[in-house]
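1. generate a structure from the sequence data that follows.
(chains A and B)
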Amino acid sequence: MNPPVDAETLSRLQAAYVATFPDKLQRLEQCLEKEDWANLQRFGHQLKGSGRAYGFPKLTALGADIEEGAISRDRAALKGLCQELSAVMNAVRHERQEVSNAP
Amino acid sequence: MHLSKRVHIVLVANDDKDILRLMAAQVASLGATQVMQASDGEEALRLVETREPDVIVCDINMPRLTGFQLCQILKTPEFARFNEVPIILTSATYRDVVAEQVARDLGAYAYLQQPHEEAELIRLVRLALRHDADRGEDPAILTYRGTIAVIDDDPDILIFLSQVLGADAWRVLTAPSGQEGMQLLQDRRVQIVLLDYQIPDISGRDILAHIRRKHPERVVIMMTGHGTENIVVDLIKAGADEYVRKPFEAAEILDVCDRAYRRFSFLRIHEQFQDKLDRLKEMGDYLDHLIRYSEESIFSCDAAGHVQVWNRGAERMYGYTAAEIHGQIVDEFLDPPEHQRKAPDVVRILQERGAFSEKEILRRRKDGTIFPVTATYSPITNPHGTMIGFSVIEHDITTMKRLEEELIRSERLRAITQLAVTTNDQVNTPLGVILGYAQFLQRKILALEPEDMDALKTIEKQVLKIKDIMNQLKRLSQPMVKNYPIEGVEMLDLTHSR
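-> Below you'll find the predicted structure:
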């Protein structure tokens, strides 16, 4: 069994991933606005696949819910999930900013 | 980057003198290069220590110290000053990923398959002199463990896998769509494909089918976030070598890629063995056919004389079937009791003199009849040169011997008749004189005593007998004319024809 990826590589990967959060949130909102179920499903599916790999299992769980919500076309649930995702992503960004600003 | 002006030292090591000379001359053609030659691994190591070459071009299969061992030694901390000297390993024996993988693991710079192209050798030496580690797709440079193509429409996954696999010494090529993935697979040399199941433009399942058709040697790892029993069975049946469920962690993907590469290597080794086995089988079948259907008696025995192979010619000649004689001591079956010789004697002669022939020995058939054969004995040795048995090819010379005897008889007869012809003339004249005088005396001397007359008649009778024998001998020397009956032929009556 290979050891987990080293901290430095993971940190670099996470930084790049976190940098895409605003874009992701914007894309999600647009899809929700247009009720683009296919792309909402794809968005959720991809988030489910990538979140845990980058060390954010919470994003994987939210991605799975978004995918389910898109399949069942549950607008209300998706709206709530969108807000929850925004909160999680913003929290992650703040946390990382604080870490990088720490002396 | 250009080669510096100083004279570079390149060590070429190979136990084949012709190849060594050729490679040395080819490397020397680079210019500003001093080439040293070593004909075995130990000599190469001595030269490395004393002359400190800039590049080593080394055969893998060398006596005393193999290329692998030399590489291993020069990469140890004890040889720290040579750790960075690029080693180009070459081999005619090993092929493909098998040798490449070992060479890479040992830290060799590049691998060159023999027989080599001059341009390729020069290119690699030139690159090694520049210490150029990354030549993109250059398959000969052993910087990377292998190349993995990742086809996935999720850019986050592409970035993640590029980074994680790249950090683990894989060269990673990415494609964000099925179309681009297909193009990449066509253009680039790839060993492993990490393929997403759900790609919008072309499904991962279709790309998998395409790979199996066009590039069956590539190992395909399917990635899916929609794992169901049916999907797993379908993908494995469609030819997926590995299956990984999203979301995954870095360690999981590294493990699956390691497994995939081991599989890739195993399949290549298996392919090479299979190829060699097929060729051996083909040759074996050919030899088997040759031996099996030969008119000559061919059999082989182990060193103790137990029959191992018994062909149809031997079955016909001796009357024993292969099943009857297989595993039996050959002398007890074939040699007449008074002529029996033991297999160890044959083995001893073969060891002393090598293959040998007997112009005529006697053999015994199953029915007990004795007959003469010519026999050729040849040693059978194992790959280490130890004799493990012998083969015997025999030819029944009964007919040949009969013809030989008939020939001798007819030669003798011919000599006798020639003598008869010669003597006939010489003997007939004195016989005529004796006969004439015997008859003359009978007529002339009237007052002969009856016993004297009898004596003269006896002379006459015996002379006539000798003449008759002489005439018979003379007839023998004349060519024989056989009268063949003419059947079914009606003679034309020419007197009544017009």
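2. which element is residue A:49 on?
-> helix A:37-51 (DSSP states H and E).
3. after that helix, which helix or strand is next? Please name it.
-> Downstream of helix A:37-51 (by DSSP H and E), the next one is helix A:57-71.
4. quick one: is that next one near chain B?
-> Yes: Helix A:57-71 comes into contact with chain B (Cβ under 8 Å from any Cβ of the partner chain), by way of A:57, A:60. C-beta: built from backbone N, CA, C; applies to glycine.
5. quick one: buried residues of that helix?
-> Buried residues in helix A:57-71, counting neighbours by 16 or more other Cβ atoms under 10 Å in any protein chain shown, are found at A:59, A:60, A:61, A:62, A:63, A:64, A:65, A:66, A:67, A:68, A:69, A:70.
6. for residue 8, give me the pLDDT.
-> You didn't pick a chain, so chain A it is. pLDDT for residue A:8: 84.
7. nope, chain B please
-> pLDDT, residue B:8: 91.
8. just want the most central residue of the chain.
-> Went with chain A since none was named. residue A:59 (4.6 Å; Cα atoms, centre = their mean).
9. chain B is the one I meant
-> So for chain B, Cα atoms, centre = their mean, it's residue B:283, sitting 6.3 Å from the centre.
10. show me the shaky parts of the chain.
-> Let's take chain A. Judged by pLDDT under 70, chain A has its weakly predicted residues at A:1-3, A:102-103.
11. wrong one, chain B
-> In chain B, residues with pLDDT under 70: B:1-5, B:94-98, B:131-140, B:339-341, B:476-498.
12. re the thing from before, right, and the residue nearest to the centre of chain A touches residue A:91 too?
-> No: counting by Cβ atoms under 8 Å, residue A:91 is not a contact partner of residue A:59; they are 11.3 Å apart.
13. got the residues of chain A near chain B?
-> Going by Cβ under 8 Å from any Cβ, the residues of chain A near chain B are A:1-6, A:9-10, A:12-13, A:16-17, A:20, A:42, A:45-46, A:48-54, A:57, A:60.
14. narrow these to just the buried residues.
-> By 16+ other Cβ under 10 Å, those give A:2, A:5, A:9-10, A:13, A:17, A:42, A:45-46, A:48-54, A:60 as buried.
15. so the closest residue in space to residue B:162 that isn't next to it in sequence is in which element?
-> Leaving aside its chain neighbours, residue B:162 sits nearest to residue B:172 (4.6 Å; criterion: Cβ to Cβ, 6 or more residues apart in numbering or on different chains). Assigned by DSSP H and E, residue B:172 belongs to strand B:170-175.
16. could you dump that strand to CSV, C-alpha only?
-> Provided in CSV are the C-alpha atoms of strand B:170-175 (Å, rounded to 0.1, in the frame of the first residue of the first chain):
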residue,chain,number,x,y,z
TRP,B,170,4.8,8.6,-13.7
ARG,B,171,4.6,10.7,-16.9
VAL,B,172,0.9,11.8,-17.0
LEU,B,173,-0.9,12.9,-20.2
THR,B,174,-4.4,14.2,-19.8
ALA,B,175,-7.5,14.6,-22.0
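17. buried sites along that strand?
-> Those would be B:170, B:171, B:172, B:173, B:174, B:175, for strand B:170-175 by 16+ other Cβ under 10 Å.
18. for stretch B:113-132, same thing?
-> B:113, B:114, B:116, B:121, B:123, B:124, B:125, B:126, B:127, B:128, B:129.
19. any idea how far that stretch is from the chain center?
-> 33 Å (Cα atoms, centre = their mean, to the nearest Å).
20. got it, and stretch B:19-33?
-> Worked out by Cα atoms, centre = their mean, stretch B:19-33 lies 34 Å from the chain centre.
21. cool, stretch B:462-474 as well?
-> With Cα atoms, centre = their mean, you get 71 Å for stretch B:462-474.
22. next one: stretch A:40-60
-> That offset, for stretch A:40-60, works out to 6 Å (Cα atoms, centre = their mean).
23. before we move on, back to that, can you tell me which of the buried residues of helix A:57-71 lies closest to residue B:71?
-> Set against residue B:71, the nearest of these by Cβ to Cβ is residue A:60 (44.6 Å).
24. nearest residue to the closest one other than its sequence neighbours?
-> Excluding its sequence neighbours, the residue lying closest to residue A:60 (Cβ to Cβ, 6+ apart) is residue A:51, at 3.6 Å.
25. again with residue B:209
-> Counting by Cβ to Cβ, 6+ apart, residue B:209 lies nearest to residue B:238, which is 6.1 Å off, once chain neighbours are set aside.
26. what separation is there between the one you found and residue B:198?
-> 15 Å (Cβ to Cβ, to the nearest Å).
27. pretty sure residue B:33 is touching residue B:24, no?
-> No: Residue B:33 is beyond contact range of residue B:24, at 10.1 Å (criterion: Cβ under 8 Å).
28. more neighbours, residue B:238 and residue B:198?
-> It is residue B:198, of residue B:238 and residue B:198, that has more neighbours when counted by other Cβ atoms under 10 Å in any protein chain shown, with 19 against 16.
29. surely the more buried one touches residue B:227?
-> No: taking contacts as Cβ under 8 Å, residue B:198 lies outside contact range of residue B:227: 11.4 Å.
30. so what does the next helix or strand along the chain from the strand holding residue B:172 touch, helix or strand wise?
-> Helices and strands here follow DSSP H and E; after strand B:170-175, the next one along the chain is helix B:178-187. Packing contacts for helix B:178-187, counted by 3 or more Cβ pairs under 8 Å, 6 or more residues apart in numbering or on different chains; DSSP states H and E, involve strand B:146-151, strand B:170-175, helix B:204-214.
31. name the residues of helix B:178-187 that are buried.
-> Buried, per 16+ other Cβ under 10 Å, within helix B:178-187: B:178, B:181, B:182, B:184, B:185.
32. and what of stretch B:205-212?
-> B:205, B:207, B:208, B:210, B:211.
33. residues making contact with that stretch?
-> B:151, B:178, B:181-182, B:185, B:193, B:195, B:197, B:199, B:218, B:220, B:222, B:234-235, B:238-240 (Cβ atoms under 8 Å, 6 or more residues apart in numbering or on different chains).
34. of those residues, just the buried ones, ChimeraX syntax please.
-> Burial among the contacts of stretch B:205-212 is assessed by 16+ other Cβ under 10 Å; the matching ChimeraX selection reads:
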select /B:151,178,181,182,185,193,195,197,199,218,220,222,235,238,240
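35. from the contacts of stretch B:205-212, which land in strands?
-> Mapping the contacts of stretch B:205-212 onto strands (DSSP state E) picks out B:151, B:193, B:195, B:220, B:222.
36. specify the beta-bridge partners of the fourth one.
-> If I follow you right, that is residue B:220. Residue B:220 forms beta bridges with residue B:193, as assigned by DSSP bridges.
37. and chain B, which of its residues are near chain A?
-> B:153-154, B:156-157, B:159-160, B:163-164, B:167-168, B:198, B:200, B:223, B:225, B:246-251, B:253-255, B:258.
38. going through those residues, which ones are buried?
-> B:153-154, B:156-157, B:159-160, B:163-164, B:167-168, B:198, B:223, B:225, B:246-250, B:253-255.
39. show me what secondary structure element comes after the longest helix seen in chain B.
-> Taking DSSP state H as the criterion, chain B has its longest helix at helix B:398-444. Scanning forward in sequence from helix B:398-444 by DSSP H and E, the next helix or strand is helix B:450-477.
40. who does that next one touch, helix- and strand-wise?
-> helix B:398-444.
41. now do the helix it packs on: which elements does it pack against?
-> Under the contact rule (3+ Cβ pairs under 8 Å, 6+ apart), helix B:398-444 is packed against strand B:370-381, helix B:450-477.
42. how close does residue B:385 get to residue B:379?
-> 10 Å.
43. for residue B:281, that is, sorry about that
-> Counting by Cβ to Cβ - residue B:281 and residue B:379 are separated by 24 Å.
44. these two - which one has more neighbours?
-> residue B:379 (21 against 11).
45. so where do the helices sit in the stretch 151-300 of chain B?
-> Under the criterion DSSP state H, counting those that start in this stretch, the stretch 151-300 of chain B contains helices at B:155-167, B:178-187, B:204-214, B:229-237, B:250-292.
46. residue B:442: which of these is closest?
-> helix B:250-292 (81.5 Å).
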